[in-house]
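A.B. asks: Fold the following and give me the result.
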Amino acid sequence: MINREPIWWDRYGVPRYAPFRPGGSGRECVLVLARARGGPEYQQLICGYTEQFERAELLSRRRWIPVGDPPAGLHAENGDVSAEAIRVLEYWRRETPLRVWQPEFEIELID
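C.D. replies: Alright, predicted model coming up:
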């Protein structure tokens, strides 16, 4: 049993206790600060291939990224299980799955 709070959650809602490092087979990954509506803030990883993500320019212009439901146990006390991204903490991209991850930017999504 782990008796400390997770640092971040992966894209499946699994708690992670080591500092975030990009990985996996995708071409882009984003670590976002999200907030469960009516609940706490948390850090969640969103990964995917380039075709599934907005390009960096569009993300920074639209200032929105879908995060899905918050991890289990982080929803609001009223039962609301929706969430919103507040800030892109780390946006990483690589040209092919075999290349090295490159950091891109950090942006605020909510004023």
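A.B. asks: in the protein, which spans are helices?
C.D. replies: 56-62 (DSSP state H).
A.B. asks: Would you state the strands of it in chain order?
C.D. replies: 8-9, 15-16, 28-36, 41-48, 83-93, 102-108 (DSSP state E).
A.B. asks: Please identify the deepest-packed of the ones you listed.
C.D. replies: For the strands of the chain, the largest average neighbour count (mean count of other C-beta atoms under 10 Å) is found in strand 28-36, namely a mean of 22. No exception for glycine: its C-beta is placed from N, CA and C like everyone else's.
A.B. asks: Strand partners (parallel or antiparallel) of that strand?
C.D. replies: Taking DSSP bridges as the criterion, strand 28-36 sits next to strand 41-48 (antiparallel), strand 83-93 (antiparallel) in its sheet.
A.B. asks: Ranked by average pLDDT, which of the ones you listed falls at the bottom?
C.D. replies: Per-stretch mean pLDDT for the strands paired with strand 28-36 is lowest at strand 41-48 (a mean of 78).
A.B. asks: Which residues does that one contact?
C.D. replies: 7-11, 13, 16, 20, 24, 26-36, 65-67, 70-71, 74, 86, 89 (C-beta atoms under 8 Å, 6 or more residues apart in numbering).
A.B. asks: Return the distance of it from the chain's centre.
C.D. replies: How far strand 41-48 lies from its chain's middle: 2 Å, per C-alpha atoms, centre = their mean, to the nearest Å.
A.B. asks: Next: stretch 99-109.
C.D. replies: 12 Å.
A.B. asks: Out of the strands paired with strand 28-36, the one nearest residue 2 is which?
C.D. replies: Proximity to residue 2, assessed across the strands paired with strand 28-36 by C-beta to C-beta, is greatest for strand 41-48 (16.1 Å).
A.B. asks: Now residue 69: closest residue in space, sequence neighbours ignored.
C.D. replies: Nearest residue to residue 69, sequence neighbours excluded (C-beta to C-beta, 6 or more residues apart in numbering): residue 81, at 5.0 Å.
A.B. asks: Give the burial count for that neighbour, as a bare number.
C.D. replies: Counted with other C-beta atoms under 10 Å, residues neighbouring residue 81 total 14.
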